[in-house]
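>>> Structure of the sequence below:
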Amino acid sequence: MVSTSGAAGVSDPPPSDAEPIKAIPVRHYGRWVSGVIIAFVAFIVIRSVVTNSNLNWPIVGEYLFNDRILRGLQNTLLLTVISMIIGIVGGVLLAVMRLSPNPLTSGAAAVYIWLFRGTPLITQLLVWNYLAFAYPRLGLGIPFGPEFVSWDTNQLMTQFSASLLGLGLNEAAYMAEIVRGGIQSVDGGQLEAASALGMKRTTTLRRIILPQAMRVIIPPTGNETIAMLKTTSLVVVIGYFELMVAAQTIYAQNFQTVPLLITAAIWYLFLTSILTVIQVFIERHYAKGTSRMVDNKQRWATRMLGFRLGSAGKGGAA
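Next up, the predicted model:
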């Protein structure tokens, strides 16, 4: 049949009744095999743990909602929340100081980060708890002059306040580097454009830089929060009553060490699971409009088995 298009090199369009291309999705048999093996091993492990009479599961159930366990759990949550607030606020301030063009401000922040990241957290907790040995009284006044107000360090530095200072100030050093990395991930042209518009540096940081940096800051901050929940168990060295101390107090009386440790572990797993879910939702909020958000919407079957199910798989490739 002769073409009537009249244009050189232009072919006729394909017939309208052409058969559509049938895409055959790729089968990832390796994923299937590894999934079956992992499921089988998980079944064996779970069955072994559940049916092991040496773990004394009735004792675990008996003490799971014990008053002392719940009181220790409450103190653990309180320590986690307040310590993270101190750490986040202090981390933002230290990050801003670290990025300051003033060498004294930047140097002071660098020394703080070096000191608190370079010493063990247990050491810091002990130092705060026994601060009265070095400074029996803490006061405010004029250097080498009169003192306006003072406190007895033993009364001021309780186990709770020592725990907060140890955990919160240590966390601030790590959060400072997280926030600094998030701020530096934002293009420098944003700051220059804001300066050209006459915006103050603090306003630019609050309204332009930090909202964009949150996508980078949120994931490690969530990890730090989950880590803080478990790190609170280190206050056992100064005797503050939290979840692990509560478990130790009980098994020191009834000698049921393993069941009480399992009880504490169950509460830690429960709380970290809740924090993980919250972190996922916050990350999704700040990932809107990015390719990462699109990847997160893939179905489980697509990622695990290598093909789509339902209407999403009709005529489409994996």
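
>>> And the next helix or strand past the helix or strand hosting I122?
Applying DSSP states H and E as the criterion places I122 in helix 121-129. Per DSSP H and E, the first helix or strand lying C-terminal to helix 121-129 is helix 131-134.

>>> Now that next one: buried residues?
Residues of helix 131-134 classed as buried: L131 (neighbour count, 16 or more other CB atoms under 10 Å). Backbone N, C-alpha and C define where each C-beta goes, glycine included.

>>> Can you list the strands that the helix or strand that it is followed by pairs with?
The element immediately downstream of helix 131-134 (helix or strand, assigned by DSSP H and E) is strand 137-141. Strands that pair with strand 137-141, judged by DSSP bridges, come out as strand 147-152 (antiparallel).

>>> Please enumerate residues in contact with the helix or strand following the partner strand?
Next in sequence after strand 147-152, counting helices and strands by DSSP H and E, comes helix 153-156. With CB atoms under 8 Å, 6 or more residues apart in numbering as the test, helix 153-156 has contacts from L131, A132, Y135, P136, R137, L138.

>>> Sketch out the helices for the stretch 201-318 of the chain, chain order is fine.
For the stretch 201-318 of the chain, the helices defined by DSSP state H, counting those that start in this stretch occupy 201-204, 210-231, 243-254, 257-286, 291-296, 300-305.

>>> which stretch among these comes nearest L64?
Closest of the helices of the stretch 201-318 of the chain to L64 is helix 257-286, at 5.6 Å (criterion: CB to CB).

>>> The closest one vs helix 210-231, what angle?
Calculated by axes from the mean of the first three to the mean of the last three CA atoms, to 10 degrees, helix 257-286 forms an angle of 180 degrees with helix 210-231.

>>> Buried ones in helix 257-286, by neighbour count?
Those would be P259, L260, I262, T263, A264, W267, Y268, L271, L275, Q279, E283, Y286, for helix 257-286 by 16+ other CB under 10 Å.

>>> Closest one to L70 out of these, please.
W267 (9.1 Å).

>>> That closest one - nearest residue in space that isn't next to it in sequence?
Using CB to CB, 6 or more residues apart in numbering and skipping residues adjacent in sequence, the residue nearest W267 is L73, 5.7 Å away.

>>> Show me the shaky parts of the stretch 51-200 of the chain.
Across the stretch 51-200 of the chain, the ranges flagged by pLDDT under 70 are 145.

>>> what do you get for the stretch 201-318 of the chain?
289-318.

>>> Quick one: list the elements packing against the helix or strand harbouring the residue nearest to W267.
Following DSSP H and E, one finds L73 within helix 67-98. Using 3 or more CB pairs under 8 Å, 6 or more residues apart in numbering; DSSP states H and E, the elements in contact with helix 67-98 are helix 103-118, helix 159-184, helix 210-231, helix 243-254, helix 257-286.

>>> Recalculate using a threshold of 7 Å.
Applying 3 or more CB pairs under 7 Å, 6 or more residues apart in numbering; DSSP states H and E, we find helix 67-98 packed against helix 103-118, helix 159-184, helix 210-231, helix 243-254.

>>> and that helix, how far out from the chain's middle?
Centroid separation for helix 67-98 versus its chain: 12 Å, with CA atoms, centre = their mean, to the nearest Å.

>>> Just the buried positions in it, please.
Using 16+ other CB under 10 Å as the test for burial, helix 67-98 gives 69, 72-73, 75-76, 79-80, 83-84, 86-88, 90-92, 94-98.

>>> what angle separates it from helix 257-286?
40 degrees.

>>> Can we start the residue count at 54 from this point?
Sure thing, new numbering starts at 54, so read that last one as helix 120-151.
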